[in-house]
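Trainee: Let's see this in three dimensions:
(one chain, ligands or ions: 1)
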Amino acid sequence: MSRIPIGIVLNGVTGRMGYRQHLVRSLLAIREEGGLPSRDGSLIWPELVLVGRNADKLEQLAQRHGLTEWTTDLDAALARPDVQIYFDAQVTQQREKAIRAAIDAGKHVYTEKPLAEDTDAAVALCRAARSAGIKHGVVQDKLFLPGLRKLKRLIDGGFFGRILSVRGEFGYWVFEGDWQAAQRPSWNYRAADGGGIVVDMFPHWQYVLEQLFAPIRSVQATIATHIPTRVDELGQQYEATADDAAYGTFELEGGIVAQINSSWAVRVRRDELVEFQVDGTHGSAVAGLRECHVQHRGTTPKPVWNPDLPVTEPFRAQWQSVPDNEPFDNGFKAQWELFLRHVVDGPENGAAFPWDFAAGARGVQLAELGLQSAREGRRLDIPALDL
Ligand SMILES: NC(=O)c1ccc[n+]([C@@H]2O[C@H](COP(=O)([O-])OP(=O)(O)OC[C@H]3O[C@@H](n4cnc5c(N)ncnc54)[C@H](O)[C@@H]3O)[C@@H](O)[C@H]2O)c1
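Mentor: Numbers count the residues shown, from 1 in each chain. Got it, this is the predicted structure:
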């Protein structure tokens, strides 16, 4: 089988997402499977160029995985004629200028979210990508989670009747870093370094709500920094200047009300780290990362409010599990495969990629308006972006 080598610059590959999800679980996994079949049956073969700031780390990482191409010089990597795609998993603040350099170098661009730090910058990147005629995409991994795929299947199958509301609960306890190491990088808790849970999570909620349910018409958010001081990777105490919890209400087109709590200062008494309950006239569902449970109107119990009695119903047991019915691959890998086919086969051959910079810009916009709403203590409409 002939191979189509496709050069990919991976920037930020030493980070949590860049290494685990994008390098190991996606691109190396595609190579381990022998390549990705393209439309004509040839195998798309990712040729990787690792880019980062620390030569020692890059060299070690490359050696560990039998890779030979790495550099600390992004411009040199972008100048390589054998490179077609630039991928960015750096800290968010470094993203805009690197993507701009990649667009200027004529490369296709795929990137972690958020696309940029503010809406103007995201819109500008979208325009630049379009006028350069390159292909562009933003990671929207939650759409590819088994739990949300099953939820989408229920929606497409008309399970809910008219959807009334969505309630999302995301979060877990992120240790402060003193007596137990924090399980997230410290920049996430410093506003000046691009941190904050709104900037991190609202881009996800934007595409989940818009693509599963309906476009978002307004946002109202209350935010908090519940843990004011934390301890960083070097054991130094620092002031947490970014929001670590956000309580958001989103009104969707058609009257669906969505509420999503996002917090790094909650303890989990749920089945999964994120769960969405969807209630409709004909049925309800609770979808997590992997699982999805449903209750149809015909099996809905009729509890009567009486606080004097112990609980009368085994509420959890009254839900049914939605079967997989298909294999679910890693969500990041599934989206990489679609982007690679988009680049190699093209939308004209059925390889469309709707999760582009315009979609990414809408995610940044929701985060920005969420923060503004919290600052001003009011609900804000979401205007259409001029893209
Ligand atoms: N899709 C998702 O579910 C998801 C989850 C977490 C993070 N992310 C996104 O991925 C990106 C990286 O997040 P992460 O959690 O992997 O972070 P991380 O701190 O683990 O990694 C950051 C990477 O950026 C590099 N970097 C470049 N310039 C830097 C600078 N000036 N300061 C610090 N690091 C610098 C680091 O070397 C490292 O490779 C962020 O944009 C974040 O929003 C996405």
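Trainee: hey, let's count contacts and neighbours off CA atoms from now on
Mentor: Fine.
Trainee: Would you mind listing what in the chain touches the ligand?
Mentor: Where proximity means Cα under 6 Å from any ligand atom, the interface of the chain facing the ligand comprises 12-18, 52-53, 89-92, 94, 112-114, 139, 141, 185, 200.
Trainee: Mind checking which of those residues are buried?
Mentor: Neighbour-count burial (16 or more other Cα atoms under 10 Å) applied to those gives 12-14, 17-18, 52, 89-92, 94, 112-114, 139, 141, 200.
Trainee: Filter those residues down to the ones in helices?
Mentor: Here DSSP state H is the test, and these give Asp200 as lying in helices.
Trainee: Among the buried ones among the residues of the chain next to the ligand, which ones are in strands?
Mentor: In this view, those have no member that belongs to strands under DSSP state E.
Trainee: pLDDT of stretch 83-97, averaged?
Mentor: Confidence for stretch 83-97, expressed as mean pLDDT, is 97.
Trainee: Contacts for it next, please.
Mentor: Residues lying outside stretch 83-97 but in contact with it, judged by Cα atoms under 8 Å, 6 or more residues apart in numbering, are 6-13, 15, 17-18, 77-78, 98-99, 102, 107-117, 121, 125, 193-194.
Trainee: Report the buried members of these.
Mentor: For the contacts of stretch 83-97, a neighbour count by 16+ other Cα under 10 Å gives the buried set as 6-13, 17-18, 77-78, 98-99, 102, 107-117, 121, 125, 193-194.
Trainee: Helices of the stretch 1-150 of the chain, residue ranges please.
Mentor: Along the stretch 1-150 of the chain, the segments classed as helices by DSSP state H, counting those that start in this stretch run 16, 29-32, 55-64, 74-79, 95-104, 119-132, 146-156.
Trainee: Please report the distance of Ala89 from Asp381.
Mentor: Shown here: Ala89 relative to Asp381, a distance of 30 Å by Cα to Cα, to the nearest Å.
Trainee: residue contacts, the nearest residue to Val268 once chain neighbours are set aside?
Mentor: The spatial neighbour of Val268 that comes closest, neighbours along the chain excluded (Cα to Cα, 6 or more residues apart in numbering), is Tyr172 at 5.7 Å. Tyr172 makes contact with Ser263, Trp264, Ala265, Val266, Arg267, Val268, Leu273, according to Cα under 8 Å, 6+ apart.
Trainee: Generate a ChimeraX selection restricted to the buried subset of those.
Mentor: Selecting in ChimeraX just the buried members of these, where the criterion is 16+ other Cα under 10 Å, is done with this command:
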select :263,264,265
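Trainee: The contacts of Tyr172: which two are farthest apart?
Mentor: Comparing all pairs in those by Cα to Cα, the longest separation belongs to Ala265 and Leu273, at 12.5 Å.
Trainee: so what sits against both of these two?
Mentor: Residues touching both Ala265 and Leu273 (Cα under 8 Å, 6+ apart): Gly171, Tyr172.
Trainee: Just give me the lowest mean pLDDT stretch among the helices of the stretch 1-150 of the chain.
Mentor: If the helices of the stretch 1-150 of the chain are sorted by mean pLDDT, helix 16 sits at the bottom with a mean of 93.
Trainee: so how far is the ligand from Ile216?
Mentor: 20 Å (Cα to the nearest ligand atom, to the nearest Å).
Trainee: How about Leu387?
Mentor: Distance, Leu387 to the ligand, by Cα to the nearest ligand atom: 22 Å.
Trainee: So that residue sits against Ala128, correct?
Mentor: No: using Cα atoms under 8 Å, Leu387 makes no contact with Ala128, being 10.3 Å away.
Trainee: ok, the closest residue to Thr225 other than its chain neighbours - contacts?
Mentor: Spatial nearest neighbour of Thr225, excluding adjacent residues (Cα to Cα, 6+ apart): Asp243 at 4.5 Å. Contacts here follow Cα under 8 Å, 6+ apart; on that basis Asp243 touches Tyr189, Ala191, Gly195, Gly196, Ile197, Val198, Ile223, Ala224, Thr225, His226.
Trainee: can you tell me which of those lies nearest to the ligand?
Mentor: Each of the contacts of Asp243 was checked against the ligand using Cα to the nearest ligand atom; the closest is Gly195, at 8.4 Å.
Trainee: so who does the nearest residue to that closest one once chain neighbours are set aside touch?
Mentor: Nearest residue to Gly195, sequence neighbours excluded (Cα to Cα, 6+ apart): Asn188, at 3.8 Å. Shown in contact with Asn188 (Cα under 8 Å, 6+ apart): Gly194, Gly195, Gly196, Ile197, Ala242.
Trainee: Let me see the ranges of the helices in the stretch 251-387 of the chain.
Mentor: Secondary structure of the stretch 251-387 of the chain, counting by DSSP H, counting those that start in this stretch: helices at 331-344, 357-376.
Trainee: Go through the ones you listed and pick out the most buried.
Mentor: Compared across the helices of the stretch 251-387 of the chain, helix 357-376 shows the largest average neighbour count, a mean of 24 (mean count of other Cα atoms under 10 Å).
Trainee: Please pull out the lowest mean pLDDT helix or strand from the protein.
Mentor: Taking mean pLDDT, DSSP states H and E as the measure, the helices and strands of the chain show their lowest mean at helix 16, namely a mean of 93.
Trainee: Remind me what that helix packs against, helices and strands.
Mentor: Counting contacts by 3 or more Cα pairs under 8 Å, 6 or more residues apart in numbering; DSSP states H and E, helix 16 is packed against no other helix or strand.
Trainee: what's the burial count for Asp308?
Mentor: One way to gauge burial is a neighbour count; for Asp308, by other Cα atoms under 10 Å, it gives 6.
Trainee: I meant to write Leu50 there.
Mentor: Counted with other Cα under 10 Å, the burial measure for Leu50 works out to 26 neighbours.
Trainee: you'd agree it is up against Ala76?
Mentor: No: with contact taken as Cα under 8 Å, Leu50 and Ala76 are classed as non-touching, separated by 11.8 Å.
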